[in-house]
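**Student:** here is a sequence with its predicted model. Questions after.
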Amino acid sequence: MNAKLQRGFSIVELMVSILLGLILMAGILSIFFSSKVTYFANEKTARLQENGRVALDFVSHDIRASGYGGCARGVPFNSTLNTPTALLWSYAFPLQGFESNGAGGYTPALGIVLDPAPLDTSDVIVVRTALRDGHALRVESNLAALTSPISVLNAVPAPVDAGTVMMISDCNAASVFQVTGWTSGAPNGTITHAVGGASPGNATDDLGYLYQAGARVAPLQTMIYYVANDPVTGQPGLFRQTGAVQPAELLIEGVQALQVGYAEDTTGDRIADQYGPANTVTNWNDVIAVTLALLIRSEENGNTINANQYPLLTAALGGPTLGPFNDRRQRMVFTTSIAVRNRAW
C-alpha cells in the first residue's frame, strides 16, 4: 500500500486534542458553576429583602392607622365592654408594647397566652385600630337616650354582625360597644348594644353620650404581632393574632427576631421627648412613633458559616445583639420608624 495515501492522526496528536478539549470543558463548567452559585446567592438575597419589606409593611400599615377614630381626638372616651382594660379590648390605647426579658417573660406582663408561643428574641406589639377593609357607617338619627339602638342605613346583607366590637364617635365623644343584634328596617335599620352578649360582652348599654345624626360607627380590631416558631415546620416567622382567634396567623417565614422601641411625647407638643423600650413607656397614649427592627434569615443553607453578630436597635431602645449563629444561613436586619399618625398630627 502506498504510504502517501494514508490519512489520520497520531496517538500524540489525539492525546493533545483530548487534553485541550478537557481544558475547555473544565473552563466552561467552572463558568457555569460560578454563575449558578452567584444566581442562588442573589436569589437568597432577593428573598431576604422581599420578606423584610413585606414584614415591615404588614406591621407598619397597622401602626400608622392605630387609634383611628375620625375626628374624635382628645375627647371623652367611654367603653361599655365587660373588660375594657383587658389586652384584647383596651381600646382606650391605640397600641401597647411588651419588652421581652430574653427568658420568656415580658415587661409589662403580657396578660395573655399566645399560640404559638413567642420566641425569647421577640418583643410583642399590640395594635388597636379600625377593622382593615371594614366599612364605617353613618348614624341616621339622633339617639333619643343613652341606651337607644343606633340607627344606620339599612343594607342586605346586614352591615354588622352580632359580637362585633364597634366605636361610635363624633368630634365630641367616642364610645366602644359590642353589637348584640341587628334589626332591619326601611330605610334605616338599628344596631343594638344590650347588656351581655358573647365575650367580652357589654357591662352596660349606656353609651355615655347622646350621639347625633352624622356620627360615625366603625368596627374595631386588635392585632398582636410577634415572632414564633411555626408548629408545622419548626422554623421561625412573623405571626399575627387578630382579636381572640387562635392559633395566630403566620404572615412571613424566616423572621427570627422582632425588637420595638417607642418615642413618647410627654409634654403634648407632638415632639418626642423620650425614647425607650416598652418597659419605660409611662403613658401609651403619648407614644407618637415606633421603631421596628426585624432579623430575617434565609430559608436555605449557604456555603459559608455565618459567624456574624446582628445588633437590633440601640441599647437605649432595649435592642440586643444576636449571634453568632454559626450556621450556614444568610441574615439581614431591617429597621424602620413609623409615625403613629393619629397621635403625631
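**Tutor:** That came through fine. Residues are numbered from 1 along each chain as shown.

**Student:** Pro200 is in contact with Trp89, correct?
**Tutor:** Yes: look at Trp89 against Pro200 with Cβ atoms under 8 Å: they come within range, at 5.1 Å. Backbone N, C-alpha and C define where each C-beta goes, glycine included.

**Student:** the more surrounded of the two?
**Tutor:** Neighbour totals were compared for Trp89 and Pro200, and Trp89 leads with 22 against 19 (other Cβ atoms under 10 Å).

**Student:** need the contact list for that one.
**Tutor:** Taking Cβ atoms under 8 Å, 6 or more residues apart in numbering, we find Trp89 in contact with Ser79, Leu81, Thr83, Val165, Val176, Pro200, Thr222.

**Student:** buried sites along stretch 163-174?
**Tutor:** Neighbour counts over stretch 163-174 (16 or more other Cβ atoms under 10 Å) mark Thr164, Val165, Met166, Met167, Ile168, Ser169, Asp170, Ala173, Ala174 as buried.

**Student:** same deal with stretch 314-323?
**Tutor:** Neighbour counts using 16+ other Cβ under 10 Å place Leu317, Gly318, Gly319, Pro320, Leu322 of stretch 314-323 among the buried residues.

**Student:** in CSV: these, plus distance to Ala65 and pLDDT.
**Tutor:** CSV is the format used below for the buried residues of stretch 314-323 (distance: Cβ to Cβ, whole Å; pLDDT from 0 to 100):
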residue, distance to Ala65, pLDDT
Leu317, 23, 88
Gly318, 25, 85
Gly319, 25, 86
Pro320, 29, 90
Leu322, 30, 92
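
**Student:** in the longest strand along the chain, what's buried?
**Tutor:** Across the chain, the longest stretch assigned as strand under DSSP state E is strand 287-306. Neighbour counts over strand 287-306 (16+ other Cβ under 10 Å) mark 287-298, 306 as buried.

**Student:** for these, which one is nearest Arg331?
**Tutor:** Set against Arg331, the nearest of the buried residues of strand 287-306 by Cβ to Cβ is Arg297 (4.7 Å).

**Student:** what about Arg47? Give its phi and psi, please.
**Tutor:** Here is the backbone geometry of Arg47 (degrees, to the nearest 10): phi -70, psi -40.

**Student:** same question, Ser169
**Tutor:** Note on Ser169: its backbone torsions stand at phi -150, psi 150 [degrees, to the nearest 10].

**Student:** any weak-confidence spans in this protein?
**Tutor:** 1-8, 36-41, 344-345 (pLDDT under 70).

**Student:** show me the helices in the protein, by range?
**Tutor:** Assigned by DSSP state H, the chain shows helices spanning 11-65, 341-344.

**Student:** out of those, which comes closest to Val227?
**Tutor:** The nearest among the helices of the chain, by Cβ to Cβ, is helix 11-65 at 9.7 Å.

**Student:** before we move on, the earlier item: need the helices of the chain in a markdown table with mean neighbour count and distance to Asp327, can you?
**Tutor:** Putting those into a markdown table (neighbours: other Cβ atoms under 10 Å; distance: least, Cβ to Cβ, whole Å) gives the following:
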| stretch | mean neighbour count | distance to Asp327 |
| --- | --- | --- |
| helix 11-65 | 13 | 14 |
| helix 341-344 | 18 | 40 |
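
**Student:** that'll do, ta.
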